[in-house]
Every structure is written in structure tokens, then in C-alpha cells.
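In: no FASTA, just this:
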């Protein structure tokens, strides 16, 4: 039995202990790295969510601006059409006034 014990102490234990230490070290490193990665992913997820919210706000503002521009354009088109009507009436009135002035000037001579 003492030969078996001596064999285990001299050959087996020096081989098994470093392997077990390596496994424990790898497991510890894996846990630490996993925790760090989870922290980074969590940080990235929160930043992504914040950016998505900012994009949603910007999109809503853009939609409102487009709607406002459409409304303004419609208002300006209506005013332009009204002004064109007034300008046409003014042209015809000016033509009548010129004709009347010519008639009056011819009659005065």
C-alpha cells in the first residue's frame, strides 16, 4: 500500500493538481468575463433604447413639420388663387378706366 501511496503522491498528484487549478482558474475567468460582457451588453441596450426614443421623437417632429408645411402650402395656394382673382379684376377695372379716360379725352377735344 505504501508503494501505491508513494506512486499517487509522486506521479498522480503533481499531474492532477495543476489540471484542477487550471480548470478552476478558467471557470473563475469565465464567470468574470461573462459578468463584464453582461454589463457591457446592458449598457449598450440602454443606449440603444435611448437612441430609439430620440429617433421616435425626431420622427414625430418631422411628421408634424411635414403636416404643418402641407397646411401652410394649402393656405398659400388659396391666398394666391384669391390674389390672382383680385389681380384679374384690377386689370379689367384698369382697362375700363383707361377706356373711359380715352373717351373723356376724345370728347374734350
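Out: Structure received. Here the structure is a predicted model, which means the values were calculated and not measured.
In: C-alpha from now on. contacts and neighbour counts both.
Out: Fine.
In: how far away is residue 75 from residue 65?
Out: According to Cα to Cα, to the nearest Å, residue 75 stands 15 Å off from residue 65.
In: actually residue 13, not the one I typed
Out: 77 Å.
In: How about residue 79?
Out: 21 Å.
In: Residue 8: neighbour count?
Out: Using other Cα atoms under 10 Å, the number of residues around residue 8 comes to 14.
In: Quick one: mean pLDDT for the helix ranked longest in the chain?
Out: Looking across the chain with DSSP state H, the single longest helix is helix 13-108. Taken as a whole, helix 13-108 has a mean pLDDT of 91.
In: Can you give the distance of that helix from its chain's centre?
Out: On the basis of Cα atoms, centre = their mean, to the nearest Å, helix 13-108 is displaced by 8 Å from the centre of the chain it belongs to.
In: going forward can the numbers begin at 56, since that is how I track them
Out: OK, 56 is where the count begins now, so the last one is helix 68-163.
In: Which elements pack onto it?
Out: Counting contacts by 3 or more Cα pairs under 8 Å, 6 or more residues apart in numbering; DSSP states H and E, helix 68-163 is packed against no other helix or strand.
In: Give the burial count for residue 69, as a bare number.
Out: 11.
In: where's it relative to residue 79, distance?
Out: 16 Å.
In: can you check residue 117 too?
Out: From residue 117 to residue 79 the distance is 56 Å (Cα to Cα).
In: who's in contact with residue 91?
Out: Listed by Cα atoms under 8 Å, 6 or more residues apart in numbering, residue 91 has no contact partners.
In: Mind doing that once more with 10 Å?
Out: 85, 97 (Cα atoms under 10 Å, 6 or more residues apart in numbering).
In: Quickly note the distance from residue 132 to residue 124.
Out: 12 Å.
In: quick one, what contacts the residue most central in space within the chain?
Out: In the chain, the residue lying closest to the centroid (Cα atoms, centre = their mean) is residue 110, at 2.9 Å. For residue 110, the contacting residues are 104, 116, by Cα under 10 Å, 6+ apart.
In: With residue 156 instead?
Out: 150, 162 are the contacts of residue 156 under Cα under 10 Å, 6+ apart.
In: where's it relative to residue 149, distance?
Out: To residue 149, residue 156 is 10 Å away according to Cα to Cα.
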